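**Q** curious how this folds, go ahead:
(2 chains)
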Amino acid sequence: MSRDRVELIVDDQAFEVEAGTPLKALGITPPPDAVAFTLNGRVYDFQQGIRDSGRVAWLTFREHAGREVFRHSSAHLLAQAVKRLWPEAQLGTGPATEEGFYYDILLPRPLGESELSSVEEEMRRIVQEDLAIERLELSREDAMALFRDRGEGLKLDIIARIPDGTTISAYRQGEFVDLCTGPHLPSTGRIRALKLTGVSGAYWRGDEANPMLTRIYGTSYPSQEELDAHLYRIEEAKRRDHRRLGPALGLFSFREEAPGFTFWHPKGQRLYRTLEEFSRRLQEPRGYQEVATPWIYRVGLWKQSGHWDHYRENMFVIEREDETLGVKPMNCPGHCLLFQSEVRSYRDLPIRYAEYSPLSRFERSGTLHGLMRVRGLHQDDAHLFVREDQIGEEMQGVLDLVDHVYRTFGMPYEVVLSTRPEDYMGALELWERAESALREVLERRGLPYQINPGDGAFYGPKLDFYAVDALGRRWQCATAQLDFQLPVQFDLTYVDRDGQAKRPVMIHRAIMGSLERFIGILVEHYGGDFPLWLAPIQVRVIPVADAQIPYAERVATSLGSAGIRAEVDRKNQKLGYKVREAEVDKIPVVLVVGRRDEEQGTVSVRMRPEGDLGAHPWPDYLEVLRVKAAMPV
RNA sequence: GCUAGCGUAGCUCAGUCGGCAGAGCAGCGGUUUCGUAAACCGCAGGUCGUGGGUUCGAACCCCACCGCUAGCUCCA
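**A** Alright, predicted model coming up:
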């Protein structure tokens, strides 16, 4: 077969055609739900010239790559509608996202969310018109001329950056043309269900120095049912939003007097302390030693650690008596000073310092977000000082902890290795050693991982762990970072077997990460329905009538003595009312006590989500609860 | 910080054209003492985010600031 011929297998039918022939020229009718196809791992639409031999695999909306084609064409649809409404608008870029698509557009005037419905209407009209989507291939000159004529200044900017020798393509549907590599749907009529979901600003090319364009977000599906299901998922996420649930459950609140800082209410503080206790009970048997170090240091320390150069923008800085002081955003420098306080032997290592004290980070006002992004936080933080030969074993220990914790909360997790950033500190050779050490740890464990190039900390590469919650969303929580720089900055040493001073390696690690953020995630993951061991109020005792209040109080007291967090509902209300309130408050266990219970020495158990479990002898049932409520360490 | 939007009772929300500040839930007081998701009656609750301006008169129109929301940028 000559180089300019390709052999294709389509639905078990073989074709041999000239290279560059599009699929639609073969006279084949693709399956009705096919949006594109793959060939040798490359996605093609039906109009792109084929340059590879192989078997054609149809792509539908069900495949990730198919969805991307579908949403990308939806973005073009959006752009076309906007251009019909505002012909002087200039198009930026409009890609598909995980959940939908957006288009960045330079508009003659700001667009409010209320105006989206008219854009949406125009989009539906174009879907009705069922315009064929046509691929054009152009020379650079023709492309420049075409988009100059159409007043698309931003597109000229893009064309200018396309390297020589690349085919420049555009897609036309009706009167609309967009510069685009494709692939795309065959026609606009395929997009049966769509919704525009919001507008926001976005810098051209993502650079703060560039002008801001209007970004219009939307999503689309092949059918209304699928769109409705998507909108329902969004509603569900809103229902679970920790910023709504947290205050409603009496866990925490925010006040404008202290933006980015949390008011922990009694129940929230209990939850918080339970998590902290959970962390201690896991770490102490694993050789961690809890410490507490200062939270304000002279600027010299921050200069020494490198934070002054790399992290100052995120620090609270205080000027007093001609001196500059910085409130700590991290514990690592303090732990280095602690390590320095004594002469260390190789026999002392590894040393594992754990600390839960408050950290302050100046986050820019626009980035604050409930508990997920705050200025005042606490981490289940630790720094391990290890010999180089201990790195593997210690990292394995960290991974064990991560695994235990995320398993406990029923969250699968994904691992990402982040490598050397541009503003890195230290010698290249150390970085390479650190990065390959991390790779080896993961591979020995057989953990699949992704690589995020250039996303490491300024002092070392890191492993980030993304927990996946009940709604399938990913949250970055745990992190484990190798650090060869800070021991150099602080001139940390230990005396080795041969009497020589050696440099330890530091491992920075947090398992839950920021406890604030972790609680935010747990609230949404469980929808406020915490497992028994974690629930702030584990048991509510409800007397059927006032006459049973003393009995209810005796029950609650014995629960308390057994270490179970219990309260009595003394409200003058009917039982049904108090049961409902307990359900709304998401109390995991309700013990109803009426006259029958008092006479027979029982409690009537009601548990979430099962409901009424009938009468059980008391205090025998206390032991059942004690076992169920035990912390899973 | 930037773009757009929002801010009325503890919560959810109504408030017409610029003309006396409203409801439900929660709270409090009473009646009721009740067996598994809302008893009944009553009471109280407001600097309409803050400050300025326009107007005879501003929750409503204008300006500035604060906070929040969706994103952007940032995120050890």
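**Q** from here on, just use CA atoms for contacts and neighbour counts.
**A** Will do.
**Q** go ahead and name everything in contact with the helix or strand harbouring A:Asp178.
**A** Here A:Asp178, judged by DSSP states H and E, is contained in strand A:176-179. By C-alpha atoms under 8 Å, 6 or more residues apart in numbering, the residues outside strand A:176-179 that reach it are A:His76, A:Gln80, A:Lys155, A:Ile168, A:Ser169, A:Ala170, A:Tyr171, A:Arg172.
**Q** so how far is that strand off the chain centroid?
**A** What separates the centre of strand A:176-179 from the centre of its chain is 34 Å, taken as C-alpha atoms, centre = their mean, to the nearest Å.
**Q** mean confidence (pLDDT) on that strand, please.
**A** Throughout strand A:176-179, pLDDT has a mean value of 90.
**Q** picking up where we left off before, select from the contacts of strand A:176-179 every entry located in strands.
**A** Here DSSP state E is the test, and the contacts of strand A:176-179 give A:Ile168, A:Ser169, A:Ala170, A:Tyr171, A:Arg172 as lying in strands.
**Q** note down every partner strand of the strand holding A:Asp178 and its orientation.
**A** Strand pairing for strand A:176-179, using DSSP bridges, gives strand A:168-173 (antiparallel).
**Q** beta partners for the residue nearest to A:Ala510 when sequence neighbours are not counted?
**A** Counting by C-alpha to C-alpha, 6 or more residues apart in numbering, the nearest residue to A:Ala510 once its immediate chain neighbours are dropped is A:Asp381, at 4.7 Å. Listed beta-bridge partners, A:Asp381: A:Glu355, A:Ala510 (assigned using DSSP bridges).
**Q** could you do the one 4 residues further on as well?
**A** With DSSP bridges as the criterion, A:Phe385 is bridged to A:Ile351, A:Met506.
**Q** thought it was touching A:Met506?
**A** Yes: assessed by C-alpha atoms under 8 Å, A:Phe385 is found in contact with A:Met506 at 4.8 Å.
**Q** okay, now the unreliable bits of chain A?
**A** Counting by pLDDT under 70, the ranges of chain A that qualify are A:1-3, A:110, A:112-114.
**Q** turn the ones in strands among the contacts of strand A:176-179 into JSON lines, including distance to RNA strand B.
**A** Converted to JSON lines, those look like this (distance: C-alpha to the nearest atom of the strand, whole Å):
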{"residue": "A:Ile168", "distance to RNA strand B": "25"}
{"residue": "A:Ser169", "distance to RNA strand B": "25"}
{"residue": "A:Ala170", "distance to RNA strand B": "25"}
{"residue": "A:Tyr171", "distance to RNA strand B": "25"}
{"residue": "A:Arg172", "distance to RNA strand B": "27"}
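**Q** which outside residues touch the helix or strand containing A:Arg517?
**A** Under the criterion of DSSP H and E, A:Arg517 resides in helix A:515-526. Applying C-alpha under 8 Å, 6+ apart, the external contacts of helix A:515-526 come out as A:237, A:240-242, A:245-246, A:272, A:275, A:370-374, A:377-380, A:469-471, A:475, A:477, A:512, A:528-530.
**Q** just checking, next helix/strand downstream of it?
**A** strand A:539-543.
**Q** the residue lying closest to A:Ser169 once chain neighbours are set aside in helix, strand or coil?
**A** Spatial nearest neighbour of A:Ser169, chain neighbours left out: A:Glu137 (4.4 Å); criterion: C-alpha to C-alpha, 6+ apart. With DSSP: H, G, I helix; E, B strand; the rest coil as the basis, A:Glu137 sits in strand.
**Q** gap between A:Glu137 and A:Ile159?
**A** Distance of A:Glu137 to A:Ile159, given as C-alpha to C-alpha, to the nearest Å: 13 Å.
**Q** for A:Asp496, same thing?
**A** 61 Å.
**Q** phi, psi for A:Gly460 please.
**A** phi 180, psi 160 (degrees, to the nearest 10).
**Q** show me what it bridges to in the sheet.
**A** A:Ala457.
**Q** thought it was touching A:Trp431?
**A** Yes: A:Gly460 is within contact range of A:Trp431, at 6.7 Å (criterion: C-alpha under 8 Å).
**Q** of the two, who's got more company?
**A** A:Gly460 (28 against 22; other C-alpha atoms under 10 Å).
**Q** need the residues of the stretch 401-550 of chain A near RNA strand B, please.
**A** A:Asp455, A:Gly456, A:Ala457, A:Phe458, A:Tyr459, A:Gly460, A:Val544, A:Ala545, A:Asp546, A:Ala547 (C-alpha under 7 Å from any atom of the strand).
**Q** roughly how far apart are the spatially closest residue to the last one that is not a sequence neighbour and RNA strand B?
**A** The shortest distance from A:Ala547 to any residue other than its chain neighbours is 8.0 Å, reached at A:Arg595 (C-alpha to C-alpha, 6+ apart). A:Arg595 sits 4 Å away from RNA strand B when distances are taken as C-alpha to the nearest atom of the strand, to the nearest Å.
**Q** quick check: phi and psi at A:Arg595.
**A** The phi/psi pair for A:Arg595 (degrees, to the nearest 10) is phi -60, psi -40.
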